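Colleague: return atomic coordinates for the entry below.
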Amino acid sequence: MKMKRDYTLRMTEVQKKALESLLYKVKHEYRFVYMGCPVCGNDNEYIVVATETRYRVPITNVLCKTCGLLYTNPRLREKDFFDTYNTEYPKIFRGWREDVMGHTWKALNDLGESEYEMFRKMKLISPDDKILCVGCANGGLLNAFEKHNHEARGIEIDASAVLDGIRRGVKLTCGTIKDIGSYEPDIVIYNDCMEHLVDPLQELRNIPKNAMLFIRTAGLRAIHENWLHCKFDYFLQYPHVTNFTAPTIANLLAKENWKWRYMNSFVTGVFYFDEYCNIGVQNDFADSYRYIQACKEVVDYDNLLLFENKGGKTNIKYK
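Modeller: The predicted model follows:
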């Protein structure tokens, strides 16, 4: 007999208390700002696709009709983002483990080993390349690259994660990419970070133009493939300002002359700065909307067999 999957969100007491604090702040202390689409600037042509995120946090997500980007609107003010990253966020999303920092360190170290091996096989890394990881938590990924004799540094806004990483011996700075100082990286890595940025275009302007840019993010098209269990409302998280597809992140980066060299549909890609990059906006609205609706209708993961994007056409296949 086939077992039905259990999608219940079980929370520890640590998570519950942090969530209570967050919900209070959202209702009484935090402020929201309306924004245009971070990719195309459109500020009035969108549809609302959700009014809550995971854990029933009342934050609205909309789908831009001009380019197809899924983003929060209105979003938290930047100062409120910084506040929650240093208070509730780590406890809500990592508080289900006793040794949170130890688990994070190991997971990121393993990811770093995997990414190093991928870069090596694709001939994207040279022996003397310097690494910068933005949004690196406590720096386990840096440790992996250092073991292969690369100088590696990280930037993170979660002060507790920075302190933990420093104690473990990696070079971390608490802040944003604007705080890298005179460090000149050859490879800049954003793992599960780009979607958290309140102003991704400004972020791209601060990335060294002669570096290779590597981005990994849980793209919208990944819902049916991984731990998100085909649950659209579970996929949405309150710290995620944007949720990309391959076309929408290509649109974003092209605005600041970053051109993709390798990229998959789950939004893992390699980009290089090209001052002559002239990619027009690809409208991904129709495909993204159909995909979201399909995920909302699925009550059992096994009913959604496959999503494909071939030749610009969307194919959602059911058993």
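
Colleague: select the longest helix from this protein.
Modeller: Longest helix in the chain, counting residues (DSSP state H): helix 100-121.

Colleague: list the helices and strands whichever helix or strand comes after that one packs on?
Modeller: Remark: after helix 100-121, the chain's next helix or strand is strand 131-134, criterion DSSP states H and E. Under the contact definition 3 or more CB pairs under 8 Å, 6 or more residues apart in numbering; DSSP states H and E, strand 131-134 sits against helix 140-147, strand 152-156, strand 187-191. For the C-beta atoms, the positions are set from N, CA and C on the backbone; glycine is no exception.

Colleague: output the contacting helices and strands for the first one.
Modeller: When contacts are defined as 3+ CB pairs under 8 Å, 6+ apart, helix 140-147 packs onto helix 100-121, strand 131-134, strand 152-156.

Colleague: and the residue lying closest to Ala254 once chain neighbours are set aside, how far is that from Thr87?
Modeller: Among residues not flanking Ala254 along the chain, Ile279 sits closest, at 4.0 Å (CB to CB, 6 or more residues apart in numbering). Ile279 sits 39 Å away from Thr87, going by CB to CB, to the nearest Å.

Colleague: one step back: so which of the helices and strands packed on strand 131-134 gets nearest Lys178?
Modeller: Closest approach to Lys178 among the helices and strands packed on strand 131-134 is made by strand 152-156 (9.0 Å; CB to CB).

Colleague: relative to helix 100-121, how tilted is the next helix or strand after the closest one?
Modeller: Once strand 152-156 ends, the next helix or strand along the chain (criterion: DSSP H and E) is helix 159-167. Helix 159-167 runs at 70 degrees relative to helix 100-121, counting by axes from the mean of the first three to the mean of the last three CA atoms, to 10 degrees.

Colleague: report the angle between helix 159-167 and strand 152-156.
Modeller: Using the same axes, to 10 degrees: helix 159-167 against strand 152-156 is 160 degrees.

Colleague: re earlier: okay, the helices and strands packed on strand 131-134 in TSV with mean neighbour count, mean pLDDT and distance to Arg216 next?
Modeller: Below are those laid out as TSV (neighbours: other CB atoms under 10 Å; pLDDT from 0 to 100; distance: least, CB to CB, whole Å):
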stretch	mean neighbour count	mean pLDDT	distance to Arg216
helix 140-147	23	97	11
strand 152-156	24	97	15
strand 187-191	23	98	5
